[in-house]
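Asks: Got a sequence here, can you model it:
(2 chains)
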2 protein chains.
Amino acid sequence: MSADPALRREIPDATVARLPEYLRTLSRLAEDGVPSVSSEELAAAVGVRSAQLRKDLSHLGSYGVRGVGYDVETLALEISRALGLTEDWPVAIVGMGNLGHALASYSGFVTKGFRIVALFDDDPALVGERVVDIAIRPLSELDDKHAVDPISIGVIATPAPAAQAVCDRLVGAGISSILNFAPAVLAVPEGVDVRRVDLSTELQILAFHAQRKALAAGHLGAAVLS
Amino acid sequence: MSADPALRREIPDATVARLPEYLRTLSRLAEDGVPSVSSEELAAAVGVRSAQLRKDLSHLGSYGVRGVGYDVETLALEISRALGLTEDWPVAIVGMGNLGHALASYSGFVTKGFRIVALFDDDPALVGERVVDIAIRPLSELDDKHAVDPISIGVIATPAPAAQAVCDRLVGAGISSILNFAPAVLAVPEGVDVRRVDLSTELQILAFHAQRKALAAGHLGAAVLS
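Replies: Below you'll find the predicted structure:
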């Protein structure tokens, strides 16, 4: 039996996607010494409607107290637990070019239950180099490393053409959670989760708003104005 | 008068956030030589409900043809135009450590209307180095560069403690669209758009699913099972 009923509940994917955002805002409030927050304040800080926030948090079994709101530390812990961040998640990064180096030392990565345990790259110029105190190894050593010190999540930071072969290696080693930064769509068997990070998505959303501003100000040229 | 009525329509933020995903899938279909796609197929490939997809696209004035679906190239162009990607968006990156280097050479960045025009870093060891054929300059040259060759979007790839000061410089130079990779919340005046990319968000969502899988398989320890 689970001690935590939240772990047995079904939580919609859209809610799961918003939980990291709530957690980030709560962590900031906790750092600032704020003890409690109303659903309206928290919703405004995150940029969602307060009804949406209350519904999302009800999936975790968290209900604020009328007139007081949510206890910041308690709610942060509840969300962390629901996301699995109170567990230990050993992470391996494959592809130690600039992006792999940046990810290995990204402060937001090495907190919150994630622990970088292995770095892989087949480039002989990189093998042996130490980053965040871990030596880069060739990918052929993946199985041995995974057998001794199991890896929960594999991060792919290679160029696009190498990504599928790397993914196949990770899946072959038994790693079933993969974060893909390469601009490539990966085919994986049933039961393997792949999340893709496209670094240009937010840039495109910015362009949308910039275009609206430019149109409003009459700054765009003949290409869109006739 | 605008030649394109889509540019005059109000498009909800949630729809805007999904457009890059639709565009990415359509670009892949176009590369594979697929001429048309049904709303069900496109929705499944992106991972949304087909009713949601049809509603999103109706905001652009795009309606599929019954029994045929959407023309892939036409729809891709309509979405590109709505996002503003048929315009030219000169981008500057501030902070040329590993992340800045990775972003400057990220293939998904340099396509789709985005054009890197300037790279800034105050580290004397980096100033003068050429990346993607652009010399890194100290941030003190921002105003001069912007006057000669206007920058539409500023990308902040510095460590967190430097991010607010860099943001203030960008805003002071008149740049009103900012993409922030630093794990820091930025204060900006009205009229400036900031989008934050938190590289750990997707990792947290992966952890959620990994935890569910581990629970289902009975692999998690006493910390969550009693």
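Asks: Which residue, other than its chain neighbours, is closest to A:Leu77?
Replies: Spatial nearest neighbour of A:Leu77, excluding adjacent residues (C-beta to C-beta, 6 or more residues apart in numbering or on different chains): A:Thr86 at 7.7 Å. C-beta: built from backbone N, CA, C; applies to glycine.
Asks: contacts for stretch A:137-155?
Replies: The set of residues that contact stretch A:137-155 without belonging to it, under C-beta atoms under 8 Å, 6 or more residues apart in numbering or on different chains, is A:89-94, A:103, A:114, A:117-122, A:127, A:166, A:169-170, A:173-175, A:177-179, A:181, B:203, B:206-207, B:210.
Asks: one step back: just give the number of residues close to the residue nearest to A:Leu77.
Replies: Summarising burial for A:Thr86: neighbours were counted as other C-beta atoms under 10 Å in any protein chain shown, giving 15.
Asks: wait, it sits on A:Glu78?
Replies: No. Taking contact to mean C-beta atoms under 8 Å, the distance of 10.1 Å between A:Thr86 and A:Glu78 leaves them out of contact.
Asks: Okay, and which of the contacts of stretch A:137-155 map to strands?
Replies: Residues from the contacts of stretch A:137-155 lying in strands, with DSSP state E as the criterion: A:89-94, A:114, A:117-120, A:177-179.
Asks: Give me the angle between the lengthiest helix in chain A and helix B:13-31.
Replies: Longest helix in chain A by number of residues (criterion: DSSP state H): helix A:13-31. Computed by axes from the mean of the first three to the mean of the last three C-alpha atoms, to 10 degrees, the angle separating helix A:13-31 from helix B:13-31 equals 130 degrees.
Asks: next helix or strand past helix A:13-31?
Replies: Proceeding N to C from helix A:13-31, the next assigned helix or strand is strand A:36-37, under DSSP states H and E.
Asks: contacts for that next one?
Replies: Taking contacts as C-beta under 8 Å, 6+ apart, the residues outside strand A:36-37 that touch it are A:Leu26, A:Leu29, A:Val68, A:Gly69, A:Tyr70, A:Asp71, A:Val72, A:Leu75.
Asks: Now do whatever helix or strand comes next after it: which elements does it pack against?
Replies: Sequence order places helix A:39-46 as the next helix or strand after strand A:36-37, per DSSP H and E. In this structure, helix A:39-46 packs against helix A:13-31, helix A:50-58, with contacts taken as 3 or more C-beta pairs under 8 Å, 6 or more residues apart in numbering or on different chains; DSSP states H and E.
Asks: and the first one, how far from the chain's centre?
Replies: Helix A:13-31 sits 11 Å away from the centroid of its parent chain (C-alpha atoms, centre = their mean, to the nearest Å).
Asks: Which of the three states applies to A:Leu199?
Replies: Secondary structure of A:Leu199, reduced to three states by DSSP: H, G, I helix; E, B strand; the rest coil: coil.
Asks: my guess is it meets A:Ala157, correct?
Replies: No. With contact defined as C-beta under 8 Å, A:Leu199 does not count as touching A:Ala157 (11.2 Å).
Asks: any residues in contact with both of the two?
Replies: A:Phe181.
Asks: more neighbours, the two?
Replies: Counted by other C-beta under 10 Å, A:Leu199 and A:Ala157 do not tie: A:Ala157 has more neighbours, with 27 against 20.
Asks: Quick check: phi and psi at the more buried one.
Replies: For A:Ala157, the backbone dihedrals are phi -130, psi 30 (criterion: degrees, to the nearest 10).
Asks: measure it to A:Val194 for me?
Replies: Using C-beta to C-beta, to the nearest Å, one gets 14 Å for the distance from A:Ala157 to A:Val194.
Asks: again with A:Tyr22
Replies: The gap separating A:Tyr22 from A:Val194 is 24 Å, by C-beta to C-beta.
Asks: Mind checking which of the two has more residues around it?
Replies: Taking neighbours as other C-beta under 10 Å, A:Tyr22 and A:Val194 compare with A:Tyr22 leading, 24 against 19.
Asks: got the contact list for that one?
Replies: With C-beta under 8 Å, 6+ apart, A:Tyr22 has these contacts: A:Leu42, A:Val46, A:Leu53, A:Asp56, A:Leu57, A:Leu75, A:Ile79.
Asks: Could you do A:Val171 as well?
Replies: So A:Val171 contacts A:Ile178, A:Val188, A:Pro189, A:Val192 (C-beta under 8 Å, 6+ apart).
Asks: ok so, going back, filter the contacts of strand A:36-37 down to just the buried residues.
Replies: When neighbours are counted using 16 or more other C-beta atoms under 10 Å in any protein chain shown, these contain these buried positions: A:Leu26, A:Leu29, A:Gly69, A:Tyr70, A:Asp71, A:Val72, A:Leu75.
Asks: pLDDT at the last one, what is it?
Replies: It stands for A:Leu75. Model confidence at A:Leu75, given as pLDDT, is 94.
Asks: need the contact list for it.
Replies: When contacts are counted by C-beta under 8 Å, 6+ apart, A:Leu75 touches A:Tyr22, A:Leu26, A:Val37, A:Leu57, A:Ser62.
Asks: Was I right to think the second one contacts A:Leu42?
Replies: Right, A:Leu26. Yes. Because the distance of 7.4 Å satisfies C-beta under 8 Å, A:Leu26 is recorded as touching A:Leu42.
Asks: still on that earlier bit, now, of the contacts of stretch A:137-155, which are buried?
Replies: Listed as buried from the contacts of stretch A:137-155 are A:89-94, A:103, A:114, A:117-122, A:127, A:166, A:169-170, A:173, A:175, A:177-179, A:181, B:203, B:206-207, B:210; burial here means 16+ other C-beta under 10 Å.
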